[in-house]
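**Student:** model the following, please.
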Amino acid sequence: MAVGDLYKASQRALGSNRGAMDPSEEKKSKGIASSAGVDVEHLESVSVDEKPGRIRATNQKVKRHIRRFWCCYLIGGIVFLAIFLPLFFIYAIPAIAQRIVDDTSLPVYSANIIDPTPETVTFSIDTALTVPAGLKVKTQPIALNLFNRAVKPMVTYLTVNLPSYTLDGHTKMHVTQADTKIQDMDQWIDTLNTAVYNKNFTLSAKGTTVAHLGALKADLTLDKDITLAGLDRLSGFSIPSARLVIPAEDDGTNLRGTAVLPNHSVVTFALGNVTLNLQSKDLVLGHALIQNVVLRPGNNTVDLSGRLEISTVLSNLGQILENSAEAIREGSIELSATGNQTIYNGQHIPYFERVLNNLTLTTRVPIMKLLLDTVQGFLSGSGSSLLSNIGSMGNDLSNITDILGNSTS
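**Tutor:** Reported below is the predicted structural model:
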């Protein structure tokens, strides 16, 4: 047989998967292949088993290479870890710890500003920090600076020193610091103004510390803006009871009553003795004193005493009635109170005075209750002597202000 015929037969055998052959051609090709001694099925099995053989050979080469150069790979791995791990501990761990601090809140459950002096206060705060469950972090003491975020550059008005804490999940923290120096009086007063005159205010705090996570440590910065409820101008202020003291007491007191001072915030303020101006619009009618004021969260019912200038009331009665016209139609008289002075342990507290002296509290006192309380106090006091004094005057009432405990001057 010719060489060309043999080549054609082998081509048909290798391409047998291309489709069914014509029966006559299939017989012809088998005859040619068998006469040439070619095993078609053996050729196909060789082509199928060739790829797994190459994979096994490659694997053996890789194993031989590793057995030969394992020492080089070991040294390379050690060098890589020697470079990577310090970088991981220096940069990655602190970054992760800082991210945890940035993501956690710093709630304020309560705070106290007590024992004020012209330059210091006793400051205490109850707060908390939360770290992921299963993680324990020990912090070094931290100096927490309080400041107003809007002021650039940063100006600290108070610094509160937090002790060392071990943070484990939700960890509550409490600190009380006596004689905390007011570092910037203007910023301190601005903060008090914002807290007193608004429904909400922001307390900004910043400090740095070192946190220990087992044997690891990381520098952390605590920089938080904490939104707190404000005093909202002491909205809800009221004088539920008041009475004229007839005759006036030896020190000139001719007014007594109770007042309700609301504190909508979580901050307790120790104000001391607070003197208020009693006014009808801009007309000052007298003064009221509230002693030992500690303004705790919620409604604070306090006793007040004062001196109402009867001569001023009588000489300006028309203006007072005009100022209270709407209230009088409802059976009340409208009174306003503004700050006059704040004294704690015999010292004026200038920052409280600057805040409260601009605050006007307005309320309505029921006229009927005022009269009934006055009569009740009159009857339970020295009413008989007063009646005898009035009887001895006859029709001359020119000295009525003297009888009520005030001079006409």
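**Student:** count of neighbours near Gly346?
**Tutor:** When counting by other CB atoms under 10 Å, one arrives at 7 neighbours for Gly346. C-beta: built from backbone N, CA, C; applies to glycine.
**Student:** mind checking how far Glu309 is from Gly252?
**Tutor:** Counting by CB to CB, to the nearest Å, the separation of Glu309 from Gly252 is 10 Å.
**Student:** so between the two, which is more surrounded?
**Tutor:** Set Glu309 next to Gly252 and count neighbours by other CB under 10 Å: Glu309 wins out with 18 against 13.
**Student:** which phi and psi does the more buried one have?
**Tutor:** phi -80, psi 100 (degrees, to the nearest 10).
**Student:** surely it touches Gly286?
**Tutor:** Yes - Glu309 is within contact range of Gly286, at 4.9 Å (criterion: CB atoms under 8 Å).
**Student:** skipping adjacent residues, who's closest to Ser324 in space?
**Tutor:** Glu334 (4.4 Å; CB to CB, 6 or more residues apart in numbering).
**Student:** for that neighbour, pull up the helix or strand it's in.
**Tutor:** strand 332-344 (DSSP states H and E).
**Student:** what is the mean pLDDT for the helix or strand following that strand?
**Tutor:** Toward the C-terminus, strand 332-344 is succeeded by strand 347-348 as the next helix or strand (DSSP H and E). For strand 347-348, mean pLDDT is 97.
**Student:** buried residues in the helix or strand following strand 347-348?
**Tutor:** Later in the chain than strand 347-348, the nearest helix or strand by DSSP H and E is helix 350-356. For helix 350-356, the neighbour count (16 or more other CB atoms under 10 Å) marks Tyr351, Phe352, Glu353, Arg354, Val355, Leu356 as buried.
**Student:** render the CA-only coordinates of stretch 163-176 in CSV, please.
**Tutor:** Output of stretch 163-176 as CSV, limited to C-alpha atoms (Å, rounded to 0.1, in the frame of the first residue of the first chain):
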residue,chain,number,x,y,z
PRO,A,163,-8.2,57.7,86.8
SER,A,164,-7.1,54.4,85.3
TYR,A,165,-9.8,52.1,84.2
THR,A,166,-10.1,48.5,83.0
LEU,A,167,-12.7,48.5,80.2
ASP,A,168,-14.6,45.3,79.8
GLY,A,169,-17.8,45.6,77.7
HIS,A,170,-19.9,48.4,79.0
THR,A,171,-17.9,50.1,81.8
LYS,A,172,-19.3,52.9,83.9
MET,A,173,-16.9,55.6,85.1
HIS,A,174,-17.3,58.1,87.9
VAL,A,175,-15.0,60.9,88.9
THR,A,176,-15.3,63.8,91.4
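**Student:** now tell me what touches it from outside.
**Tutor:** 109, 112, 122-131, 133, 135-141, 160-162 (CB atoms under 8 Å, 6 or more residues apart in numbering).
**Student:** ok, now with 6 Å
**Tutor:** 124-131, 133, 136-141, 162 (CB atoms under 6 Å, 6 or more residues apart in numbering).
**Student:** out of the residues you listed, who's nearest Phe80?
**Tutor:** Val137 (29.2 Å; CB to CB).
**Student:** can you pull the domain assignment for this structure?
**Tutor:** 3-38, 41-103, 108-230, 233-403 (automatic domain parsing).
**Student:** mean pLDDT lowest for which of the ones you listed?
**Tutor:** Taking the mean pLDDT of these, domain 3-38 comes last: a mean of 51.
**Student:** tell me which other helices or strands whichever helix or strand Leu220 is part of touches.
**Tutor:** Per DSSP H and E, Leu220 falls inside strand 216-229. The contact analysis (3 or more CB pairs under 6 Å, 6 or more residues apart in numbering; DSSP states H and E) places strand 216-229 against helix 93-103, strand 200-213.
**Student:** buried deepest among the ones you listed, which one?
**Tutor:** For these, average neighbour numbers computed from mean count of other CB atoms under 10 Å are highest in strand 200-213, which has a mean of 18.
**Student:** may I have the strands that pair with that strand, each with its orientation?
**Tutor:** Partners of strand 200-213 in the sheet, by DSSP bridges, are strand 136-139 (antiparallel), strand 142-147 (antiparallel), strand 216-229 (antiparallel).
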